[in-house]
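S.K.: got a sequence here, can you model it:
(one chain, ligands or ions: 1)
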Amino acid sequence: MPRTHKTLPRLHIDTAMSAGVRLPLDKDQTNYLVNVLRRGQGDRCVVFNGRDGAFLAEIGQASKKTVELTLIEQSAEQPQAADLWYGFAPIKRLDYVVQKATEMGAGIIQPVITRYVQNPKVNPDKLRANAIEAAEQCEVLSVPRVDPAIPFVRLMETWQQVHGDRTLVFCDEETASTSPVDTIATLEGKRLGLLVGPEGGFAPEERDMLRAQPFVVAISLGPRILRADTAAVAALALIQAVAGDW
Ligand code: SAM
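M.R.: Numbers count the residues shown, from 1 in each chain. Next up is the predicted model:
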């Protein structure tokens, strides 16, 4: 992405994109561009749909209610979608967790309903909106796929059939405190998933089930018990730095 475009507003618009196309914005996008960012006719922005890369666009007619963009040129090719799977037991700060996973390069995000999850109801549309908002802010061009919530036991039972050779890195707060760097380093080049538990941690039978799986690798995140959202960011950073795309 050319540096000049780093300062331009970025909008995710789920529609086909090519140079010269005119795109009307919806109410929220119009409000954001015109009323929040105070942009008007002739101003530029960057738009992306998660499939065709990024496009430099110019604001044509603009009123408080409607804005039309003209796509000028493609400013970035569509990168390969990230493949890192991130499973999390829903916690109160769901939007934060989805945003951080998007910023950290997760490609598939899936709520996993474990025994101690306090609020198993998740709204997939809201999760996807959080992922899109994070992608707009952190210049990610491929918005992570948000998969429907899955019960823990079903995830274990279907993992190999659904994920093939993907290794599941399991953050085990009860494992002896050691640096996970060497363990993660052995996973370099492999397809990876990461699973973080809920505020109440994994139930004993869940931990036993995880540790019994050939596709699971348990890691410690140090001697302190991290909040689930902190653990997510710490583990994603470790994976991306040691065996990922950093
Ligand atoms: N059972 C504890 C509790 O109720 O406070 C810990 C749960 S912790 C808040 C939520 C999740 O974060 C854990 O299930 C684990 O996946 C991850 N986690 C937190 N601290 C960790 C650590 N030191 N090592 C590995 N994973 C950790």
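S.K.: what parts of the protein come near the ligand?
M.R.: When proximity is defined as Cβ under 6 Å from any ligand atom, the chain approaches the ligand at 171-173, 196-197, 199-202, 220-222, 224-228, 231. Where C-beta positions appear, they are placed from N, C-alpha and C, glycine not excepted.
S.K.: buried subset of the residues you listed?
M.R.: Listed as buried from these are 171-173, 196-197, 201-202, 220-221, 226, 228, 231; burial here means 16 or more other Cβ atoms under 10 Å.
S.K.: so which of the residues of the chain next to the ligand belong to strands?
M.R.: Among these, the members found in strands (DSSP state E) are 171, 196.
S.K.: out of the residues of the chain next to the ligand, which are inside helices?
M.R.: Counting by DSSP state H, the residues of the chain next to the ligand place 228, 231 in helices.
S.K.: one step back: farthest pair in the buried ones among the residues of the chain next to the ligand?
M.R.: Ser220 and Ala228 (15.3 Å; Cβ to Cβ).
S.K.: how close does the closest residue to Gln78 other than its chain neighbours get to Lys92?
M.R.: The shortest distance from Gln78 to any non-neighbouring residue, by Cβ to Cβ, 6 or more residues apart in numbering, is to Gly53 (4.2 Å). Counting by Cβ to Cβ, to the nearest Å, the separation of Gly53 from Lys92 is 36 Å.
S.K.: grab the nearest non-local neighbour of the residue sitting nearest the centre point of the chain.
M.R.: The centroid of the chain falls nearest to Thr102 when counting by Cα atoms, centre = their mean (2.5 Å). In space, and not counting its chain neighbours, Thr102 is closest to Ala134: 3.7 Å by Cβ to Cβ, 6+ apart.
S.K.: for the host helix or strand of the one you found, packing partners?
M.R.: Per DSSP states H and E, Ala134 falls inside helix 124-138. If you count contacts as 3 or more Cβ pairs under 8 Å, 6 or more residues apart in numbering; DSSP states H and E, helix 124-138 packs onto strand 10-12, helix 94-103, strand 108-113, strand 145-146.
S.K.: could you redo the last one with a cut-off of 6 Å?
M.R.: Packing contacts for helix 124-138, counted by 3 or more Cβ pairs under 6 Å, 6 or more residues apart in numbering; DSSP states H and E, involve strand 10-12, helix 94-103, strand 145-146.
S.K.: which one of those lies nearest to Val112?
M.R.: Proximity of the helices and strands packed on helix 124-138 to Val112 was assessed by Cβ to Cβ; the nearest stretch is helix 94-103, lying at 11.9 Å.
S.K.: measure how buried the closest residue to Asp83 other than its chain neighbours is and give me the count.
M.R.: Excluding the flanking residues, the one nearest Asp83 by Cβ to Cβ, 6+ apart is Gly107, at 4.9 Å. Look at Gly107: counted by other Cβ atoms under 10 Å, it has 17 neighbours.
S.K.: hang on, the earlier thing: other residues contacting the helix holding Ala134?
M.R.: Residues from elsewhere that reach helix 124-138 (Cβ atoms under 6 Å, 6 or more residues apart in numbering): 10, 12, 95, 98-99, 102-103, 143-144, 146.
S.K.: let me know the closest of those to the ligand.
M.R.: Val98 (16.1 Å; Cβ to the nearest ligand atom).
S.K.: circling back to that earlier point, give the buried residues for the helix holding Ala134.
M.R.: The neighbour-count check on helix 124-138 (16+ other Cβ under 10 Å) flags 127-136 as buried.
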